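> Output the structure for:
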Amino acid sequence: METGVRFRNILVLIMIAGILFGSTNVSASDELFFNNVIEIPDADNGKRTIEVDASGNIFASFGAELYKLSDSGNVLEERTFAKEIIATSISPDSTKLALTLKSGSNGEDSIFVLSTGDLSTLVSSDTTRTNAHLLEWSPNGGVIFSNAPTNGIIQLNRDTLDGEATYDGNHSGVMTCMDVSGNIDMILTADENGLIQLWDIEAGTIQREIKLQSTILDCSFGADDSYFSISTPTDGIRKWTLSGSELKPIELHGATKYQFTDNANEVIAFKSSPNPHVVFYDYLNEIILDNITMFHSFDDHVLLSNEYGKITNIMTNSKIDYIVMYGTSIQRSGVGESGIDTDGDGVPDSLDGDDDGDGIEDNWDLNCEDVGISCELLPDENLIRYIDLNLNETRITVEQTFTLNKFTSASIRDLSRLSLDADVRLSAEEAQLFADAVCLNLDQDTTSMTIAEKMSIENTSLNFVNMECSVDDGMTLVPSNDRTSHIRYSISLTYDFDTNIVLDNSQIHVENHRFPAAGSMTELSEQHPIRITVSGPSIVSKEYVPWHIQELQITMDLEVVEADGEKLSPKSILSSPIVIAGVLVGIFVIGFVAQRLYDRMSQSDYDIVLDDDEDFIDDEEDEAYFEEETLNDEVEHETVSKPERRTPPRRRSVEKTSKRVPVQSKEAAQAKELLQKSSNEVVRKRRARRSEHDTVTTKRRKLSDTQTIDAKPRKRRAVKRAASTDDDMDETLKRFVSDSPEE
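Model (predicted):
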């Protein structure tokens, strides 16, 4: 059934029954918030619809099943049909309920009129035959309108369901919407191809026909039947006079359902983007009167109002087995009755399901050890209401965190899982949609003013900046079958000080209060006891817990954190990381300098360079050669290969035959004397050797650096040596060699 038509029927019902509603002058509400859900266990899959009669009874369909429930959720009647229920509509006098079924074979009834008392069939017919998704009673309840078997709309007799008239005209597509004027003399029809037709019911003729190039979402007559209108995705709500002249459109784009109220210049529109919400809009002054944001998707809804025409309740279906209820308050059993009230919520412990106010029902409250009192009287400090005052010299943020009980938490998770997509995984975006719904349903001005009045800081006043909401725990990463985890959400209000304050020794006074109730989902959470903390970047954090209702005010003194260096003690100095690091670095530097000084002192005043001259090296080579030739006792002519011109490789200091040996002063003198003696002995032996072998001639070959590569090799003659010359060197030289430092 179309939401706008249902809304008008409810208003007519208000005039007739006078039970729940006392006026047709419906206006916006600024107090609606998510209140409760009614769960239908093992409900059938398929399309869902919802209706409410004048007594508050709920008629909800789930697939092929129809339920009649009390306003508290008790199932009063239940009936199952052969096919899926497509649409429902309740008569203005609440005595009859019409419904259409999914199309079946020829001869199967597709439309029923039931008694609202016991859901028994009053009359049924196959007149509609196709999937009739539009169904509406006339304002006086005399006739029923539904989809025609082919195109257009068919008018049915309420007692026999016989077709009395058909309004098809030039409609060639699926019907999008229809509406009946208040005096029942006109009917408005529109199809998916953008064709709008205004019919004269008595004459059965078309008065106006308009062809649009845009999609039509819904259609409706104005409150006084002076104009008709349609809603579009991008062009708002377009209006025309009965004569066909277009009026100024209403700037509400994408209204899937809407209805004008009897209160002049107001319209109630349901929108699904960017998230599901209801808008109460004054189109004359072009201002939004109220905006009720929802964190779940739905297809059908009902609006309920009080005797003054104020919207008091919204009921919607959902994609899961819930009927969702929005209201302006929570009715708690036992409020105001006498008796011991541990948590101070106004409900005595004898009737309170949560005596300590921590969100855990008493029959599940096992969070404490045996300390001589019952666990349900000792709250879990992690779950009670938490207020954190975070401030500096110029600003304060008041963050209040609330806990929902297990049933409400599980219901919100189930509804949120299908709010943005069809999977069962609860995403961070869906969790944030719930948090945004909490904030968007609050009146910021009222909320910020109320909170500011409940606290005071010396020598300054608070100027509201912004409000934010977030989910702290219990939504993302929670399994779909979890029915015990609590949802914790926070509401943060930030204020600027009109003058900078001196934090040290200042005081904050906080009155014991409930969070503002208008539009606040916090009514679902326990408000007492309270855990309150004061914190900040430059102050000492302080906490007070628990804080019961008996304490009307709490005062907390601010204490500034001592800056580094204001008070230094020997213990703090010795334990300072900077001091420890400096001591370690100093020890390292002193050790390094001492090592370098020791190395320098250990070095000699001068070095002895043992560089053998080239002649000495050549003589040793010649003597070794002569010894080898003497032992072989033969003379060989040695063929010398052509020398190759090459550049001597660079000699590194580590490869020199000479070596610097650091010695002490005394040792150096002895070594010098020994070296001199050894050199003299070598010279003496050379001279003696030459004198003893005068007949032996030796020829030493010397290669010149200028010798060409083509020079012929020169023969070299070996010279015999006497056996007496086998003494290689005297004992002094041997001792010198053995005593010399190793390379």
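> Could you look up the SS state of Gln435?
Quick fix: residue 435 reads Ala, not Gln. Taking DSSP: H, G, I helix; E, B strand; the rest coil as the rule, one finds Ala435 in the helix state.
> Can we start the residue count at 589 from this point?
With 589 as the first residue, the last one maps to Ala1023.
> Spatially nearest residue to it, not counting backbone neighbours?
Cys1057 (4.4 Å; Cβ to Cβ, 6 or more residues apart in numbering). For glycine as for every other residue, the C-beta is placed from the backbone atoms N, C-alpha and C.
> pLDDT value on Ser1015, please?
In this prediction, Ser1015 carries a pLDDT score of 89.
> That one contacts Leu1008, correct?
Yes. At 6.9 Å, Ser1015 and Leu1008 qualify as touching, with contact defined as Cβ atoms under 8 Å.
> what is the residue nearest to Ala1023 paired to in the beta sheet?
With DSSP bridges as the criterion, Cys1057 is bridged to Ile1079.
> Now do the contacts for the closest residue to Gly1062 other than its chain neighbours.
Nearest residue to Gly1062, sequence neighbours excluded (Cβ to Cβ, 6+ apart): Ile1075, at 3.7 Å. Ile1075 makes contact with 991-992, 996-997, 1000-1001, 1059, 1061-1063, according to Cβ atoms under 8 Å, 6 or more residues apart in numbering.
> and of those residues, the nearest to Val731?
Nearest to Val731 among the contacts of Ile1075, counting by Cβ to Cβ, is Ile1000 at 42.1 Å.
> domains of the protein?
Structurally, the chain divides into domains by automatic domain parsing as follows: 591-609+633-843, 973-1145, 1158-1190, 1195-1229+1245-1327.
> Looking at those domains, which is nearest to Ser926?
When those are ranked by proximity to Ser926, the top entry is domain 973-1145, at 14.8 Å, counting by Cβ to Cβ.
> That closest one spans what distance, first to last residue?
21 Å (Cα to Cα, to the nearest Å).
> that older thread, which PyMOL command selects the buried ones in the contacts of Ile1075?
The following PyMOL command selects only the buried members of the contacts of Ile1075, with burial defined by 16 or more other Cβ atoms under 10 Å:
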select buried, resi 991+992+996+997+1000+1001+1059+1061+1062+1063
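> roughly how far apart are the spatially most central residue of the chain and Ser708?
When Cα atoms, centre = their mean is applied to the chain, the residue found nearest the centroid is Ala1016 (5.0 Å). From Ala1016 across to Ser708, the span is 49 Å (Cβ to Cβ, to the nearest Å).
> quick one on the thing from earlier: out of the contacts of Ile1075, who's nearest Thr793?
Closest to Thr793 out of the contacts of Ile1075 is Ile1000 (52.1 Å), distances taken as Cβ to Cβ.
> State the pLDDT value of Phe1176.
We note a pLDDT of 84 for Phe1176 in this prediction.
> again, but for the one 10 residues further on
Reading off the per-residue confidence, Tyr1186 sits at a pLDDT of 79.
> Can you report how many residues lie near it?
Using other Cβ atoms under 10 Å, the number of residues around Tyr1186 comes to 9.
> State the three-state secondary structure for it.
For Tyr1186, the reduced secondary structure class is helix; criterion used: three-state DSSP.
> Let me see the contact set for Ile825.
Ile825 sits in contact with 817-819, 837-838, 840, 843, 846, 855, 857, 871, where contact means Cβ under 8 Å, 6+ apart.
> Next: Leu954.
Taking Cβ under 8 Å, 6+ apart, we find Leu954 in contact with Cys963.
> Ile1000 too?
Contact partners of Ile1000, counting by Cβ under 8 Å, 6+ apart, are 622, 883, 992, 1022, 1063, 1075.
> For burial, what's the neighbour tally of the closest residue to Glu752 other than its chain neighbours?
Nearest-residue entry for Glu752: Gln743, 4.7 Å, with adjacent residues in sequence omitted and distances by Cβ to Cβ, 6+ apart. Using other Cβ under 10 Å, the number of residues around Gln743 comes to 20.
> Might one say that Gln743 is in contact with Asp750?
No. With the criterion set as Cβ under 8 Å, Gln743 and Asp750 do not qualify as a contacting pair; they are 9.8 Å apart.
> What does the pLDDT read for Glu1319?
The pLDDT attached to Glu1319 in the predicted structure is 58.
> same thing with Ala1299?
Per-residue confidence at Ala1299 stands at 47 (pLDDT).
> got it, and Gln1258?
You'll see Gln1258 listed with a pLDDT of 68.
> Equivalent analysis for the one 5 residues further on, please.
Here, the pLDDT recorded for Leu1263 equals 72.
> Can you tell me the SS state at it?
helix.
> Could you report the neighbour count for the nearest residue to Lys836 once chain neighbours are set aside?
Residue nearest to Lys836 in three dimensions, not counting chain neighbours: Lys827, with 7.3 Å by Cβ to Cβ, 6+ apart. Here the neighbour count serves as a burial measure; for Lys827 (other Cβ under 10 Å) it reads 20.
> Please name the residues that touch Lys827.
Applying Cβ under 8 Å, 6+ apart, one finds that Lys827 lies in contact with 810, 815-817, 834-838.
> try 7 Å this time
Contacts of Lys827 were listed using Cβ atoms under 7 Å, 6 or more residues apart in numbering, and they are 815, 817, 834-835, 837.
> that older thread, pick the one among the contacts of Ile1075 closest to Glu1041.
The shortest distance between Glu1041 and any of the contacts of Ile1075, using Cβ to Cβ, involves Thr991 and amounts to 24.8 Å.
> Please name the nearest non-neighbouring residue to that closest one.
Closest residue in space to Thr991, ignoring its immediate chain neighbours: Gly947 at 3.8 Å, by Cβ to Cβ, 6+ apart.
> okay, now that neighbour: neighbour count?
Here the number of neighbours of Gly947 (other Cβ under 10 Å) works out to 25.
> Likewise for Gln1138?
Other residues near Gln1138 number 9, with proximity taken as other Cβ under 10 Å.
> Which pLDDT value goes with it?
pLDDT, the model's per-residue confidence, is 73 for Gln1138.
> do the same with Pro864
89.
> now do Ile1196
pLDDT, Ile1196: 47.
> so Val731 touches Leu744, yeah?
Yes. Applying Cβ atoms under 7 Å as the test, Val731 and Leu744 come out as touching, 6.4 Å apart.
> where are the low-confidence patches of the stretch 589-738 of the chain?
When residues are selected by pLDDT under 70, those of the stretch 589-738 of the chain lie in 589-618, 692-693, 695.
> Check the chain too.
Going by pLDDT under 70, which is the cut-off in play, the chain has low-confidence ranges at 589-618, 692-693, 695, 852, 955, 958-959, 1151-1164, 1191-1260, 1266, 1269-1331.
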